[in-house]
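Trainee: Sequence isn't available, so here's the structure alone:
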């Protein structure tokens, strides 16, 4: 969507008086995004993003904001929440929970090559290592429990073949859980549009509002299903060189455990399932008043079918 | 000094493995500074300063590092300490307590004009407001107690006239304490060389290793005695337009209390006294093995004499 809750220059000026970031100079609504109202804010001090949370449960917001603060102070290039004069990250603006975070330089890229996939692998491993000392806990909010709920919701909208695929995959996933894989806070939505590059370097990872604790390898699978697809993506296979570059870079900083090698094909399927389900849900059950520009669910159904049909043998590079 | 404790490329690479800041690319010793060993460090992620603490009491280091982290997360452009994988800001490198902080852009300026003094006033007020919620406490380590100790140490090196000036000023300050002035964490050493400018904006405040809790107005006085001197500084008077710009900018964000207006001339003297004393001490009682390039104490003796002789009426601009 774009902006659910409008913020005026006047609202902003009043709100910023609770902060130490200087005087406002510019306020621009940000178009993309389906969960929150976002503005770019420029002050005499710097560049920020103002987010009004429209949908996320208020109780979960501290998990996300504190995680970003934790990662930022470990040197991970992610938005750093700014504390207000009462030392809180979370305030209220126009009736909505709201936060100010730093705005990172760089732009997302549509067609990553091996070099960018290598950058991503290094960054994701560093993020996972830095997140290990993060003390808060939130189960991945788009994990197996949510899959089952979402599947019930979207069932009326599916034809018989698609429902069979969905039901079978839920059953398969239920039979293949991996309680012993390394776990920790994961981004869980690190698609190309949530990564910024500047001069060939990954300069920012943004949008942590689907983060939660899960298998670290699940995060790797979410990335591979988006960053490493063959181009054109007609058959949704993985591009060998890009996938290898991504996994080898990750592995160099956080070596994969033997159990992770086994789990890989299953987690690639789980990552496809999660986004097929959420896109079906956004398409068929939009929230009232939502300005829909939902992504096409078909893409991730095809990714899932491809992973089911072919598996995904562990790649030699690692 | 420059570097007391050498750090090799190899030492650095090993040490950085405890961090999430990418791989080292460059290591350059930093010349200025009299308290610590400092290096510029460039990694695949960004630019940092590595500091090995040579002299500061280990028990005080968390106060400084946590204060910088606190200010950084409030949007103050100061070095942000980077936490290591065990979530600590402070480590040990080559036998010394050591920390990695972000390196800020910009350069210090020797001859600030009104515009730069205004920038400084705004930043100092924001820093004081943001620091109010900082919970730790450390008495200004160069406060009245230290003055008396330092005065005893340097007495043998002073001629009779200078000793009389020093003794009289200590006596005057003892009779003019202001327990009711607004207090909080102050930088206490914000000279021109500890501020960085980029494109006319104050882009960084560095070197918090003299910070402590004191009157906020003391911090203002330290700045005025350095930033607002007449140029040439022969008579050590304050430049009216620059002082007014500095104080008015500060006052716009944190209005001065009536008691602060009264205390102003006394605190300008206190700020001059403190630096006269520390420069005398550095000159006459250098630490063993120290590569002295001590500042000239005479400058601050003349500043003090000028403030004693003329007072410093509160400036109309505020």
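Mentor: Alright, I've got the coordinates. As the structure is a prediction and not an experimental result, all values here were calculated from the model. Residues are numbered from 1 along each chain as shown, chains lettered A, B, ... in the order given.

Trainee: ok, and the closest residue to residue A:235 other than its chain neighbours, which helix or strand is that part of?
Mentor: Of all residues not flanking residue A:235 in the chain, residue A:306 sits nearest, at 6.3 Å (C-beta to C-beta, 6 or more residues apart in numbering or on different chains). The C-beta positions use only the backbone N, C-alpha and C, and glycine is treated the same way. Assigned by DSSP states H and E, residue A:306 belongs to helix A:297-310.

Trainee: outside of that helix, which residues touch it?
Mentor: A:162, A:165, A:169, A:225, A:229, A:233, A:235-237, A:265, A:268-269, A:272-273, A:275-276, A:279-280, A:283 (C-beta atoms under 8 Å, 6 or more residues apart in numbering or on different chains).

Trainee: Close to chain B: what parts of chain A are there?
Mentor: Contact residues, chain A versus chain B (C-beta under 8 Å from any C-beta of the partner chain): A:19-22, A:44-46, A:69-70, A:73-77, A:80-87, A:122, A:126-127, A:129-130, A:132-133, A:201.

Trainee: ok, of the residues you listed, which come out buried?
Mentor: A:19-22, A:45-46, A:69-70, A:73-77, A:80-84, A:122, A:126-127, A:129-130, A:132-133, A:201 (16 or more other C-beta atoms under 10 Å in any protein chain shown).

Trainee: quick one, what contacts residue A:119?
Mentor: A:197, A:200-202, A:249.

Trainee: next one: residue A:112
Mentor: Per C-beta under 8 Å, 6+ apart, neighbours of residue A:112: A:120, A:192, A:227, A:242.

Trainee: Now render those residues as CSV, adding pLDDT and neighbour count.
Mentor: Listed next are the contacts of residue A:112 as CSV, based on pLDDT from 0 to 100; neighbours: other C-beta atoms under 10 Å in any protein chain shown:
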residue, pLDDT, neighbour count
A:120, 98, 28
A:192, 97, 16
A:227, 97, 23
A:242, 95, 23
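
Trainee: Tell me which of those fall in helices.
Mentor: A:120, A:227, A:242 (DSSP state H).

Trainee: Relative to chain B, which of these is nearest.
Mentor: Using C-beta to the nearest C-beta, residue A:120 comes nearest to chain B of those, at 13.1 Å.

Trainee: give me the low-pLDDT residue ranges for chain A?
Mentor: For chain A, the stretches with pLDDT under 70 are A:1-3, A:32-34, A:233, A:288-293, A:311-318.

Trainee: Let me see the ranges of the helices in it.
Mentor: So, for chain A - with DSSP H - the helices run A:9-16, A:61-73, A:114-131, A:144-154, A:160-175, A:216-227, A:240-253, A:258-284, A:297-310.

Trainee: got the buried residues for the second one?
Mentor: When neighbours are counted by 16+ other C-beta under 10 Å, the buried residues of helix A:61-73 are found to be A:61, A:63-73.

Trainee: Please work out which residues outside stretch A:68-80 touch it.
Mentor: So stretch A:68-80 is contacted by A:49, A:81, A:89, A:101-104, A:123, A:126-127, A:130-131, A:133-134, A:202-206, A:208, B:19-22, B:45-46, B:69, B:72-73, B:80-85, B:87 (C-beta under 8 Å, 6+ apart).

Trainee: Same check on stretch A:175-182?
Mentor: By C-beta under 8 Å, 6+ apart, the list of residues contacting stretch A:175-182 reads A:144, A:215-217, A:257, A:259-260, A:262-263, A:266-267.

Trainee: Give me the buried positions along the helix holding residue A:306.
Mentor: A:297, A:299-308.

Trainee: from the chain's centre, how far out does it sit?
Mentor: Remark: helix A:297-310 is offset 20 Å from the chain centroid, using C-alpha atoms, centre = their mean, to the nearest Å.

Trainee: what's the residue lying closest to residue A:60 once chain neighbours are set aside in contact with, if anything?
Mentor: Sequence neighbours aside, residue A:138 is the residue nearest to residue A:60 in space, at 6.0 Å (criterion: C-beta to C-beta, 6+ apart). Residue A:138 is in contact with A:60, A:63, A:211-213, counting by C-beta under 8 Å, 6+ apart.

Trainee: Go ahead and confirm residue A:173 touches residue A:271.
Mentor: No: counting by C-beta atoms under 8 Å, residue A:173 sits too far from residue A:271 to count as a contact (10.8 Å).

Trainee: Who has more neighbours out of the two?
Mentor: residue A:271 (25 against 18; other C-beta atoms under 10 Å in any protein chain shown).

Trainee: got the contact list for the more buried one?
Mentor: Contacts for residue A:271 (C-beta under 8 Å, 6+ apart) come out as A:218, A:221-222, A:224-225.

Trainee: Show me which of the residues you listed are buried.
Mentor: Here, 16+ other C-beta under 10 Å leaves A:218, A:221-222, A:224-225 buried among the contacts of residue A:271.
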